[in-house]
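>>> requesting a structural model of the entry that follows:
(4 chains)
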Protein chains: 2
Amino acid sequence: MTGIDVHAEVSVLLRVAGQRYTPTRRQIIDALMSTRRPMTITDLLEALPDVAQSSLYRNLTTLEQGGVVSRVVSTGDTGRYELSEQLAGHHHHLVCSQCGAMRDVVIPESLETTLDDAFARVAKREGFRLEHHRLDLIGVCGECRNAQD
Amino acid sequence: MTGIDVHAEVSVLLRVAGQRYTPTRRQIIDALMSTRRPMTITDLLEALPDVAQSSLYRNLTTLEQGGVVSRVVSTGDTGRYELSEQLAGHHHHLVCSQCGAMRDVVIPESLETTLDDAFARVAKREGFRLEHHRLDLIGVCGECRNAQD
DNA sequence: ATGAGTGCAAAGGCTTTGCATTAGG
DNA sequence: CCTAATGCAAAGCCTTTGCACTCAT
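Numbering: from 1, shown residues only, chains lettered A, B, ... in the order given. Sure thing, here's the model as predicted:
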């Protein structure tokens, strides 16, 4: 998806949610689009030095409620955000157990289908209405592997 | 795995880590064994009313470093802990998107094998040394479904 | 003009740390 | 005895909130 498409889509999503697409929000989206990994609050503050911390938090909340971004659960002590899957596509994460870095990763479509089928059965068995799944691959990233040599 | 086995195993793990298996730590393990879901700090404090909050945090850290318990990443604002997979066996979690509750769930062994194979390939492609995977099924639990009727 | 968005500072809430006391080997 | 573990209280850190100001419609 190109940047223009994303901005147009965000604009629609926010309008539906009764929210404006302000310059600050556009900057946040630009920052999130610029990388293939969830960004921490710190990352975002560094990328947007003119945005107050409180504004960042408030905008992220607004964007999340509008379905534009998603809060990513991570091991770290600070929150992480990414574009919602509606905008970025379905994906998973590689998580480095040493440095904590996260990176997006896509698994074969056939495997996703297998997973969806199996999970649907498990959810039914457990009396659970399944919405989606979250899958992280934990290991050691290339940089940390090199650093150990 | 029976309770006796778990305590014996914990004792060994802690000894290897150079740590003692104190009464407080045994109480924590008993609490974690009593339920099939990760417990929050609040849960544990309620289950162990005579244990100071700081002791709980410190013991959980010690137990985690010894490989006895695992910190579970969750959406909530407070930490969650469970017995390590070495003690509790490999499993995943059902996470309720409405009430935040988590519950253990096991998926078919054949699916785990399929996942492991596929993930190994993905990790290799990405220059990642895979350690394990984390899989959550997000949806609405039975209680919340009933509450909506 | 009228409500939303912003910045700054203060307050909140979970977690960690300091320090004196107690228990275990 | 000597180190580890505990309790209580204080400090830290990320996040949220209050309030006045500015911007957009």
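
>>> alpha carbons only for contacts and neighbour counts from here, please
Noted.

>>> contacts for stretch A:126-137, please.
Here stretch A:126-137 makes contact (CA atoms under 8 Å, 6 or more residues apart in numbering or on different chains) with A:92-95, A:119-120, A:123, B:119, B:130-142, B:145.

>>> how far is it from where the chain is centred?
17 Å (CA atoms, centre = their mean, to the nearest Å).

>>> ok, stretch A:115-135 next?
Distance, centroid of stretch A:115-135 to centroid of chain: 21 Å (CA atoms, centre = their mean).

>>> and if you look at stretch A:45-64?
The answer for stretch A:45-64 is 15 Å, by CA atoms, centre = their mean.

>>> how long is that stretch end to end?
Using CA to CA, to the nearest Å, one end of stretch A:45-64 lies 17 Å from the other.

>>> same check on stretch A:138-148?
17 Å.

>>> make a ChimeraX selection of the buried ones in the contacts of stretch A:126-137.
Under the burial definition 16 or more other CA atoms under 10 Å in any protein chain shown, those of the contacts of stretch A:126-137 that qualify are selected in ChimeraX by:
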select /A:92,93,94,95,119,120,123 /B:119,130,133,134,136,137,138,139,140,141
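
>>> tell me the confidence at the spatially closest residue to A:Arg71 that is not a sequence neighbour?
Spatially, and ignoring its direct neighbours in sequence, A:Arg71 is nearest to A:Tyr81 (4.6 Å; CA to CA, 6 or more residues apart in numbering or on different chains). The score at A:Tyr81 is 98. That number is its pLDDT.

>>> A:Gly76 contacts A:Gly100, doesn't it?
Yes - in terms of CA atoms under 8 Å, A:Gly76 counts as a neighbour of A:Gly100; the distance is 6.9 Å.

>>> neighbour count winner among the two?
Taking other CA atoms under 10 Å in any protein chain shown, A:Gly76 and A:Gly100 do not tie; A:Gly100 has more neighbours (16 against 12).

>>> starting at the chain centroid, how far to the longest strand along chain A?
Assignment by DSSP state E gives strand A:129-140 as the longest strand of chain A. Taking CA atoms, centre = their mean, the mean C-alpha location of strand A:129-140 is offset from the chain mean by 12 Å.
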